[in-house]
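J.: how would this look folded up:
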Amino acid sequence: MSPKVSEEYKREKKNELLQAARRVFIRNGYTHTTMQDIMDEAGVSRGALYSYFDNIEHVFMEVLQFDDQQDILLFEPDDQSSLWTHVTNWIKQQQKNIEAINQSLLLSKAEFFLSSNYIRNKENFPYITERYQRIVDAIKSVIQKGIEQGEFQPRLSPESIALYLVSFLDGLMLNTFQLGSERTNVNEQLTVLLFSLKEMLCPIEEQ
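T.: Down below sits the predicted model:
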């Protein structure tokens, strides 16, 4: 009889496997990553990996969720600073992420979204739509909180501002991945982004 494994152990083990898989996806891209690659990276058996994940698509979806959650947690405000300061700090963190874009999942995401299985069966991957909405909702909630606390007097709806911010950052990430951070001038573009956000949000403390 095999020993009983605690739920905490399972969570920790799954996180270790996800981190190993993330490293492989970053290194190899989605198309050239196999379950065997992940087993080798994590130093686990076939049975150990398949006890958590069904196939490479399943692993990738879980890695996306793991990655997205870290970003959403970064956007959650604390009580130590104003919401405008929190937004500007988050944008500065995005600058670091964009400048290190070659160490991200961007290539794997692009390859996955262009894969024939995803294109033909988008309904089988509901998380792709959910992840976009989760990020938009996280941004909207901060803006809404700013309105309720009297810190923001936005000229546009929270939804419109959130969609704009996500689209701007996604586009800058993709261009920087293709052309390099010097060519896209990430720092200057994010300065423009902050200027436009300030005009849209009208933070009270900045007036």
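J.: so where do the helices sit in this structure?
T.: Per DSSP state H, the chain carries helices over the ranges 7-28, 35-42, 46-50, 56-75, 83-99, 106-113, 116-120, 126-148, 158-179, 181-184, 186-201.
J.: As a markdown table, those with mean neighbour count and mean pLDDT would be great.
T.: Backbone N, C-alpha and C define where each C-beta goes, glycine included. Below are the helices of the chain laid out as a markdown table (neighbours: other CB atoms under 10 Å; pLDDT from 0 to 100):
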| stretch | mean neighbour count | mean pLDDT |
| --- | --- | --- |
| helix 7-28 | 16 | 94 |
| helix 35-42 | 17 | 97 |
| helix 46-50 | 13 | 95 |
| helix 56-75 | 16 | 87 |
| helix 83-99 | 17 | 90 |
| helix 106-113 | 19 | 92 |
| helix 116-120 | 11 | 88 |
| helix 126-148 | 16 | 91 |
| helix 158-179 | 17 | 94 |
| helix 181-184 | 15 | 90 |
| helix 186-201 | 16 | 96 |
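J.: List the residues that contact the residue nearest the centre of the chain.
T.: Compute the mean C-alpha point of the chain, and by CA atoms, centre = their mean the closest residue is D68, 3.6 Å away. By CB atoms under 8 Å, 6 or more residues apart in numbering, the contact set of D68 is 131, 134-135.
J.: quick one: which of those is nearest L107?
T.: Each of these was checked against L107 using CB to CB; the closest is R131, at 17.4 Å.
J.: hang on, isn't that closest one packed against L64?
T.: Yes: R131 is in contact with L64 according to CB atoms under 8 Å; the separation is 6.3 Å.
J.: Count residues in the vicinity of the residue nearest to W84 when sequence neighbours are not counted, would you?
T.: Sequence neighbours aside, P203 is the residue nearest to W84 in space, at 3.7 Å (criterion: CB to CB, 6 or more residues apart in numbering). Using other CB atoms under 10 Å, P203 has 20 other residues around it.
J.: Which residues outside stretch 40-50 are in contact with it?
T.: By CB under 8 Å, 6+ apart, stretch 40-50 touches 16-17, 20-21, 23-24, 35, 38-39.
J.: can you check stretch 183-192 too?
T.: 91-92, 94-95, 98-99, 172, 175-176.
J.: rerun that using 6 Å as the cut-off
T.: With CB atoms under 6 Å, 6 or more residues apart in numbering as the test, stretch 183-192 has contacts from 91, 95, 98-99, 172, 175-176.
J.: No further queries at this time; thank you.
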